[in-house]
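> any chance you could fold what I've pasted below:
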Amino acid sequence: MMKFLEENLLAHLQRPEFAELYAALKKRSYPKGAFICQPENDENQIFIVAEGRARVYLGYEDKEFNIGILSKGDIYSAHTRAFVQSLDKIDILTADVETFRQKMLDDPEVAKAMIGILGSMLKNSFTIIENLIFKDVNSRLVGLLVNEAQKHGIPSAEGGMIIKIDLSVEQIAFLVGSTRQTVSTFLNQLSRQAVIKKLGRGKFYISDLAALEALKST
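Got it, this is the predicted structure:
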């Protein structure tokens, strides 16, 4: 649930065929806690995260429905009904939708790459929705930890895996659609079971990834 894309779009934009599109992007910076997009936003813009992270969620009165986290290399449209709020200082590269559309029409390589990226977004969005609807909080949290370990885990000398989510417990709770207390309680339970060990803010040591993964189905 951490990212929308498996690939870093910024790496694609450094290819020669993206030179004109990359040059058309304008940099914007926002402080921590700022809203990049809100439902009433009438800007028809596409943006790519250059640095930092932002939370995407739907909100109604005092309720929030978290969709996911945008991080470096993710692409998103500002013209949606979702809130996009920075989790820390963030830099984005933005252009109007028409510019993106024209580049896709002008260059088949650009179109091919963008279609693949949009396909990845759609697939991951369905996974996020499926997790929120059909899995309980503990399963979603375990899934988050396992996903981070599999994709970004750092092997430890002790034989386990170290992951750096770099989110507070409250931010993790937002992401899995729960409360800080519930997430903290379950993390403490996993720690007592010696499945994980908290090393710092958003940093965990996983002693047995297979044992952690098995908890998703229990």
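> so how far is residue 13 from residue 91?
Per Cβ to Cβ, to the nearest Å, residue 91 is found 14 Å from residue 13. Every C-beta, even on glycine, is put in place using the N, C-alpha and C of the backbone.
> comparing these two, which residue is more hemmed in?
Shown here are residue 91 and residue 13; by other Cβ atoms under 10 Å, residue 13 has more neighbours (20 against 15).
> dump the residue contacts of the more buried one.
Contacts for residue 13 (Cβ atoms under 8 Å, 6 or more residues apart in numbering) come out as 21-22, 25, 48.
> residue contacts, residue 212?
Contacts for residue 212 (Cβ under 8 Å, 6+ apart) come out as 142, 145-146, 149, 190, 195-196, 206.
> quick check, nearest of those to residue 168?
Distance to residue 168 across the contacts of residue 212 (Cβ to Cβ) is lowest for residue 145, with 15.1 Å.
> can you name the next helix or strand after the lowest-mean-pLDDT helix or strand in the chain?
When each helix and strand of the chain is scored by mean pLDDT, DSSP states H and E, helix 108-134 comes last, with a mean of 65. Once the chain leaves helix 108-134, the next helix or strand it forms, by DSSP states H and E, is helix 137-152.
> which helices and strands sit right next to that next one?
Applying 3 or more Cβ pairs under 8 Å, 6 or more residues apart in numbering; DSSP states H and E, one finds that helix 137-152 contacts helix 108-134, strand 161-164, helix 169-176, helix 180-192, strand 203-206, helix 209-214.
> so what's residue 155 bridging to?
Beta bridges link residue 155 to residue 161 when assigned by DSSP bridges.
> what is the burial count for it?
Neighbour count of residue 155, defined by other Cβ under 10 Å: 9.
> give me the neighbour count for residue 207.
16.
> check contacts around it.
Contacts of residue 207 (Cβ under 8 Å, 6+ apart): 158-160, 194-197.
> now flag whichever of those is closest to residue 52.
Using Cβ to Cβ, residue 196 comes nearest to residue 52 of these, at 26.1 Å.
> just list whatever residues bridge to that closest one.
According to DSSP bridges, the residues that bridge with residue 196 are residue 206.
> wait, it touches residue 190, no?
Yes. In this structure, residue 196 is within contact of residue 190 by Cβ atoms under 8 Å, at 4.6 Å.
> backbone phi and psi for residue 38, please?
Torsion angles at residue 38 (phi, psi; degrees, to the nearest 10) stand at phi -140, psi 160.
> which residue packs closest to it, ignoring adjacent ones?
Spatial nearest neighbour of residue 38, chain neighbours left out: residue 83 (5.7 Å); criterion: Cβ to Cβ, 6 or more residues apart in numbering.
> neighbours of residue 69, how many?
22.
> where's it relative to residue 100, distance?
From residue 69 across to residue 100, the span is 22 Å (Cβ to Cβ).
> quick revisit: same drill for residue 196 and residue 190, tell me which one is more crowded.
More crowded of residue 196 and residue 190, by other Cβ under 10 Å: residue 196, with 25 against 21.
> who are the contact partners of residue 184?
Residue 184 makes contacts with residue 169, as judged by Cβ under 8 Å, 6+ apart.
> hmm, 10 Å instead?
By Cβ atoms under 10 Å, 6 or more residues apart in numbering, the contact list for residue 184 reads 169-170, 172-173, 178.
> got the domain ranges for this protein?
For the chain, the TED database gives the domain ranges 9-106, 136-215.
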